[in-house]
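[1] Show me the folded form of this:
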Amino acid sequence: MRPPRVRLVGRSTRDRNPHGLEPGGCVRYAAQVHAAFGSTLLTHPAPPLQGLSPSLLSSSGPEPAAPAAPASASAAQALPPLDEALVFCNRYDAMGRREQRVERMVPPVFPSAPLPWVEILHLAPVLGEVPLGPWLEAAPAGIRGAGLQGWTRRAARGRVRPARSLPPWALLAELDVIFASDEDLEGHPGLLESLRGLPGRLLLTHGPFGSTAFESGREPRRIPTPRATSLDPTGAGDSFAAATLQGLARGMSLPAAAALGAEAGARCVEHRGLPPVSAFAGLSAGALRRIRPGSRCEPARPASPSTPPSSR
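    Numbering: from 1, shown residues only. Down below sits the predicted model:
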């Protein structure tokens, strides 16, 4: 089975910690997992993604893919220029709750033209930089998934605060799966109930306490988190989302795909900073063993214009 092609959208970041600036951002953590599954990555914009083989990267429309940094490169060498990355300062308390300050903002990421169909569209905004409508219109895919985090937050006087509004519900309803966390719901009363009313699937993560899978017409399913020695929780949700999308693209049920995502998230937290692709070795083989015979990459809803006839 050919690994699914992944269109990955979002800005990378520089995350300041006591050791200096390190590469970060939803797209960087997600890219490591997608690469572990052997997927070709079409990134928007196309940053140098640390530790990825150039053979895993492909150009994205008129934006050529930047050459990937070799695995032995330092974090500084793998970082994009300052004007291409969001810059954050992250602090965590004893309960793992994060306080973020924003040191630098960057422009939004828009599609420059209609794009070819791929198996997975993974929208991974960090701070509102990915406009949902234009990407849904320009980037058809078999499964369209998005992390809600970047649309629930805004920058205000150098701090990250709850956003005043979210993308229109009519657009969120076009997504096949939405990923959110308990932290994303803070400052948005009633958001969970509204998300559960959408026709797609919803995965709500609870940090070290697992996640909950919501599907229309079915009882919620609790997904436990594998035991892990947590050194750094950054990126766990992004790793979870990427592995879950890989499982869904291979025909796994939502709970089974989410269990795969939980394993990826557990492996992520066992590393300080950005984990190498090798940290997720073996996840792909586990997914292949759980595929239903004859399964295909399809949305959970009836066919829509986003899925080309040739994929049926």
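
[2] List the contacts of the strand or helix carrying residue 143.
    If you go by DSSP states H and E, residue 143 is part of strand 141-147. Strand 141-147 has contacts (Cβ atoms under 8 Å, 6 or more residues apart in numbering) with 4, 7, 26, 117-125, 132, 136, 174-180, 237-238, 241, 244-245, 248-249, 297-299, 306-307, 311. The way it works is simple: take the backbone N, C-alpha and C, and place the C-beta from them, glycine included.

[3] Just the buried subset of those residues, please.
    4, 7, 26, 117-125, 132, 136, 174-180, 237-238, 241, 244-245, 248-249, 297-299, 306-307 (16 or more other Cβ atoms under 10 Å).

[4] and these, which of them are in helices?
    Among these, the ones falling in helices (DSSP state H) are 26, 132, 136, 237-238, 241, 244-245, 248-249.

[5] Need the worst-confidence member of those residues.
    Lowest pLDDT of those: residue 26, 92.

[6] which residues in the stretch 1-150 of the chain form strands?
    Here the stretch 1-150 of the chain has its strands, by DSSP state E, counting those that start in this stretch, at 6-9, 13-17, 20-24, 41-44, 57-58, 86-92, 98-104, 118-123, 141-147.

[7] which one of those has the lowest average pLDDT?
    Among the strands of the stretch 1-150 of the chain, strand 57-58 scores lowest, at a mean of 50.

[8] How many residues are close by residue 181?
    20 (other Cβ atoms under 10 Å).

[9] Could you measure from it over to residue 240?
    9 Å (Cβ to Cβ, to the nearest Å).

[10] Give the residues shared as contacts by these two.
    In contact with both residue 181 and residue 240: residue 205, using Cβ under 8 Å, 6+ apart.

[11] before we move on, the earlier item: just give me the closest of the ones in helices among the buried ones among the contacts of strand 141-147 to residue 163.
    The shortest approach to residue 163 among these belongs to residue 132, at 12.7 Å (Cβ to Cβ).

[12] Measure how buried the residue nearest to that closest one when sequence neighbours are not counted is and give me the count.
    Spatial nearest neighbour of residue 132, chain neighbours left out: residue 167 (4.2 Å); criterion: Cβ to Cβ, 6 or more residues apart in numbering. Number of residues near residue 167 (other Cβ under 10 Å) recorded here: 19.

[13] Now do the same contact list for residue 167.
    Neighbouring residues of residue 167 by Cβ under 8 Å, 6+ apart: 132-133, 151.

[14] I'd like these laid out as TSV, including distance to residue 276.
    Below are those laid out as TSV (distance: Cβ to Cβ, whole Å):
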residue	distance to residue 276
132	31
133	35
151	29
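
[15] Skipping adjacent residues, who's closest to residue 10 in space?
    residue 124 (3.8 Å).

[16] does that neighbour really touch residue 8, like I thought?
    Yes. Judged on Cβ atoms under 8 Å, residue 124 makes contact with residue 8 at a distance of 6.5 Å.

[17] Count residues in the vicinity of residue 31, would you?
    Residue 31 has 32 neighbours, counted by other Cβ under 10 Å.

[18] I'd assumed residue 43 was in contact with it.
    Yes. With contact defined as Cβ under 8 Å, residue 31 reaches residue 43; the gap is 7.1 Å.

[19] helix or strand for residue 189, which one?
    Using DSSP H and E, no helix or strand contains residue 189.

[20] Is residue 161 bridged to anything, and to what?
    In this structure, residue 161 bridges to residue 154 when assessed by DSSP bridges.

[21] can you tell me how far it sits from residue 152?
    10 Å.

[22] Common neighbours of those two, please.
    Going by Cβ under 8 Å, 6+ apart, residues that sit against residue 161 and also against residue 152 are residue 187.

[23] So if I had to pick from these two, which one is more boxed in?
    residue 152 (24 against 13).

[24] Do you know the pLDDT at the residue nearest to that one when sequence neighbours are not counted?
    Distances taken as Cβ to Cβ, 6+ apart place residue 184 nearest to residue 152, at 4.6 Å, with adjacent residues excluded. Looking at residue 184, its pLDDT reads 95.

[25] Burial check on the closest residue to residue 248 other than its chain neighbours, number of neighbours?
    Sequence neighbours aside, residue 257 is the residue nearest to residue 248 in space, at 4.7 Å (criterion: Cβ to Cβ, 6+ apart). Counted by other Cβ under 10 Å, the residues lying close to residue 257 total 26.

[26] Distance-wise, check residue 257 relative to residue 223.
    10 Å.

[27] show me where pLDDT drops low in the chain?
    Scanning the chain for pLDDT under 70 picks out 18, 46-85, 90, 92-98, 286-312.

[28] Select the longest helix from it.
    Longest helix in the chain, counting by DSSP H: helix 254-269.
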